[in-house]
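got a predicted structure plus its sequence, pasted below:
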Amino acid sequence: MVAIANQTLSYVEESVVEDDVLVAARERAVDLGAAPVAPSVGALLSLFAQITGAKNVVEVGTGAGVSGLWLIDGMRPEGILTSIDAEPEHQRAAREAFRAGGVAPSRTRLINGRALDVLPRLQDGNYDLVFVDTDPVDYPTYVEQAVRLLRPGGAMLLHNALPGGLGDAAQRDPDTVAVRTAATAIAEDERLTSAFIPVGVGLMAAVRR
């Protein structure tokens, strides 16, 4: 069963073909140590952006722009991506990726800073999609912020949502505990419909009713 599951996951990853702009952005991300999302995750970001008709998107963790390119791919032509990262070097690489991809500067708003300081300043109910790709230890707080920011019908996606010890009740490392806490908060929130998606290193997805 494990071999079959691994074969299936490999097929899922290999089924997504990235263009030269994304391949170059992915290479820059690796060079910077800013782990990019897997191609399968990127495809889902584009899909969720299309499904929600996303015009206003918040991304926590700009990285080198791989996830941003996928999000913009699915957003409406006039959509604006607000992306937050504490590393200026990451955002310089992301700007290079966006330029290479022909993304107009007016379509991105890159904010250099700590996301937990920036998010409270963003407008309630004004966003169609919130994507979080950062240290899972703070995911319970990001869930609170995402619910506040999302309009009805908007979606949140949390990356790194399937740490290796998640299914082991004895596993109590900070990241695993934080993911469990976030998942419980989402499941118990009557405003949300949620599911885990086992692609890449895992996505926790929720839609605000």
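Received it, and whenever you're ready, just let me know what you need. Note that the structure is predicted; figures quoted are calculated from it, not measured. Numbers count the residues shown, from 1 in each chain.

wait, Val30 touches Gly63, no?
No: the criterion here is C-beta atoms under 8 Å, and Val30 misses it with Gly63 at 10.4 Å. C-beta coordinates here come from the backbone N, C-alpha and C atoms, glycine included.

identify the contacts common to the two.
Pro36 (C-beta atoms under 8 Å, 6 or more residues apart in numbering).

the more surrounded of the two?
Gly63 (28 against 13; other C-beta atoms under 10 Å).

and the strands in this protein?
56-60, 80-85, 108-112, 127-132, 150-159, 192-197, 203-208 (DSSP state E).

ok, the most centrally placed residue in the chain - contacts?
With distances taken as C-alpha atoms, centre = their mean, Phe131 lies nearest the centre of the chain, 3.4 Å away. Contacts here follow C-beta under 8 Å, 6+ apart; on that basis Phe131 touches 45, 57-60, 67, 71, 156-157, 159.

quick one: low-confidence parts of the protein?
1-2, 4-5, 164-170 (pLDDT under 70).

tell me where it has helices.
Secondary structure of the chain, counting by DSSP state H: helices at 2-14, 20-32, 39-51, 66-74, 88-100, 115-118, 139-149, 174-188.

relative to Ala205, which of those helices is closest?
Proximity to Ala205 (C-beta to C-beta) singles out helix 39-51 among those, at 7.4 Å.

next, the buried residues of the closest one.
Neighbour counts over helix 39-51 (16 or more other C-beta atoms under 10 Å) mark 39-46, 48-49 as buried.

now that helix and strand 56-60, what's the angle there?
For helix 39-51 against strand 56-60, the angle by axes from the mean of the first three to the mean of the last three C-alpha atoms, to 10 degrees is 150 degrees.

what packs against helix 39-51?
In terms of contacts (3 or more C-beta pairs under 8 Å, 6 or more residues apart in numbering; DSSP states H and E), helix 39-51 is packed against helix 2-14, helix 66-74, strand 127-132, strand 150-159, strand 203-208.

show me the one of the ones you listed that comes nearest Tyr142.
Short answer: strand 127-132, nearest of these by C-beta to C-beta, at 4.8 Å.

for Arg26, what are its contacts?
So Arg26 contacts 18, 36, 64, 66 (C-beta under 8 Å, 6+ apart).

who wins for neighbours among these?
Counting by other C-beta under 10 Å, top hit in these: Val66 with 33 neighbours.

which ones are touching it?
Taking C-beta under 8 Å, 6+ apart, one finds 22, 25-26, 29, 36-37, 42, 97 in contact with Val66.

excluding its backbone neighbours, what's nearest it?
Pro36 (3.9 Å; C-beta to C-beta, 6 or more residues apart in numbering).

so can I have TSV of the helices and strands packed on helix 39-51 showing distance to Thr176?
Below are the helices and strands packed on helix 39-51 laid out as TSV (distance: least, C-beta to C-beta, whole Å):
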stretch	distance to Thr176
helix 2-14	20
helix 66-74	23
strand 127-132	17
strand 150-159	14
strand 203-208	13
